[in-house]
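Enquirer: Pasting a predicted model and its sequence here:
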Amino acid sequence: MTLTRRHLLACAAACATLPAWADAHKPLRVLVGFPPGGGSDAIARLLADKLKDVLGQPVVVDNRPGAGGQIAAQVLKAAPADGGTVFLTHDHTISILPQVVKNPGFEPARDFVAVGGFATFVNCLAVPAATPAASFGEFVQWVQRDRAGKSAVGIPAPASTPEFLVRLLGQRYQIDLTAVPYRGSAPMIADMLGNQIPAGIGSVQDFIENHRAGKLRVLAVLGARRQAALPDVPTFAELGLKGFEDTPYYGFYAPAGTPQAFIQRFSDALAQVVAIPEVRDQLTAMGLTVGAMTPEQLTTRERAYTAVWRRIILDSGFRPQ
């Protein structure tokens, strides 16, 4: 059969209207709101490497660090809703930032759509090996005795869960703790390893490798139970600080209006990837509790967590800035 010019033009027009995700040669961009070297970056690169095989197309990680993921979220909002861009993020950018920043430049419920979740995790307090505290109780005593009741504590982003934890720890134990914000966990940990700051609060996956290497010590974790990756480390609830048992989440989001066919395809691919024993083992070793979430399950998890933190933020007296 001979194709006429008319047939060729019709074919070209049809191909031009295909969504980006239908083009196996077009890379899928994964936005990450934190710099290379941190926990979120390591997770993104692990998943991207496996997603490319399941999806059958290139998957590239695009780091857009700054403002606790706010910059990456704004990039996502501006991206075409064609299935060409997703955003790997955790609770801070989606559930916390919109409540603590007056004009974040995005509204999750309006501007984004959940495309799949894959894990929950907990935050923790860690100290450099040079800090003379082998337990959280010893850390409090050290601050009271040797530092005149004052200490700086690094946090990976301002107005984040770690910052509110710093506030509550100071109030609960009557010590003057000052949260020092960084642009992500990687520079914070670098300062901790260089003994430039005596403590830091971040996610378990940020600290776990240096804890195992003896360079940092994780002293306490949030959550309702001890972590499999840190079985000897107590929870803050065990130490008397309750109210932080609800665990944050990790998930992928796309711009609002992204085709449902892409959302389903990506969600299915993500579920396949996190079911791979090698991937599950690596994520678990990073301190994550692994479990695929459908878009609907991720949305439910996000809304519940947002509601918990709305109360905590209001009770703290914090005012959006």
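Expert: Yep, it's here. Numbers count the residues shown, from 1 in each chain.
Enquirer: can you map out the helices along this protein?
Expert: 5-16, 39-55, 70-78, 91, 97-100, 108-111, 136-146, 161-173, 185-193, 204-212, 260-274, 277-285, 295-316 (DSSP state H).
Enquirer: helices or strands next to the second one in the packing?
Expert: The elements that helix 39-55 packs onto, with contact taken as 3 or more C-beta pairs under 8 Å, 6 or more residues apart in numbering; DSSP states H and E, are strand 28-32, strand 59-63, strand 85-90, helix 185-193, helix 204-212, helix 260-274, helix 277-285. In short, each C-beta sits where N, CA and C put it, glycine included.
Enquirer: just to revisit the earlier point, tell me which of the helices of the chain sits most buried.
Expert: helix 91 (a mean of 27; mean count of other C-beta atoms under 10 Å).
Enquirer: what's next to that one, contact-wise?
Expert: Contacts to helix 91, defined as C-beta atoms under 8 Å, 6 or more residues apart in numbering, come from residues Thr161, Pro248, Tyr249, Glu302, Tyr305, Trp309.
Enquirer: Please give me every residue in contact with the first one.
Expert: To tie it back to what came earlier, the one meant is Thr161. Asp91, His92, Ile96, Asn123, Pro248, Trp309.
Enquirer: farthest pair in these?
Expert: Spanning the widest gap among these are Asn123 and Trp309, at 12.4 Å by C-beta to C-beta.
Enquirer: got a markdown table for the helices and strands packed on helix 39-55, with mean pLDDT too?
Expert: Listed next are the helices and strands packed on helix 39-55 as a markdown table, based on pLDDT from 0 to 100:
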| stretch | mean pLDDT |
| --- | --- |
| strand 28-32 | 98 |
| strand 59-63 | 98 |
| strand 85-90 | 97 |
| helix 185-193 | 95 |
| helix 204-212 | 93 |
| helix 260-274 | 98 |
| helix 277-285 | 96 |
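Enquirer: and those as JSON lines, adding distance to Leu314?
Expert: JSON lines is the format used below for these (distance: least, C-beta to C-beta, whole Å):
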{"stretch": "strand 28-32", "distance to Leu314": "30"}
{"stretch": "strand 59-63", "distance to Leu314": "33"}
{"stretch": "strand 85-90", "distance to Leu314": "22"}
{"stretch": "helix 185-193", "distance to Leu314": "27"}
{"stretch": "helix 204-212", "distance to Leu314": "27"}
{"stretch": "helix 260-274", "distance to Leu314": "33"}
{"stretch": "helix 277-285", "distance to Leu314": "33"}
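Enquirer: Asp315: which of the ones you listed is closest?
Expert: strand 85-90 (22.3 Å).
Enquirer: tell me the mean pLDDT for the helix or strand that that closest one is followed by?
Expert: As assigned by DSSP states H and E, the chain's next helix or strand after strand 85-90 is helix 91. In this model, helix 91 has a mean pLDDT of 93.
Enquirer: of the helices of the chain, which approaches Glu238 most closely?
Expert: helix 136-146 (9.7 Å).
Enquirer: now that closest one and helix 161-173, what's the angle there?
Expert: With axes from the mean of the first three to the mean of the last three C-alpha atoms, to 10 degrees as the basis, helix 136-146 and helix 161-173 are set at 70 degrees to each other.
Enquirer: With Val140 as the reference, measure out to Gly240.
Expert: Distance of Gly240 to Val140, computed by C-beta to C-beta, to the nearest Å: 11 Å.
Enquirer: Now do the same contact list for Glu296.
Expert: Neighbours of Glu296 in contact, by C-beta under 8 Å, 6+ apart: Ala114.
Enquirer: from here on, count from 52
Expert: In the new count, where the first residue is 52, that last one comes out as Glu347.
Enquirer: Pretty sure Gly265 sits against Ala181.
Expert: No: contact criterion C-beta atoms under 8 Å: Gly265 and Ala181 do not qualify, at 11.4 Å.
Enquirer: Which one of the two is surrounded by more residues?
Expert: More crowded of Gly265 and Ala181, by other C-beta atoms under 10 Å: Ala181, with 12 against 8.
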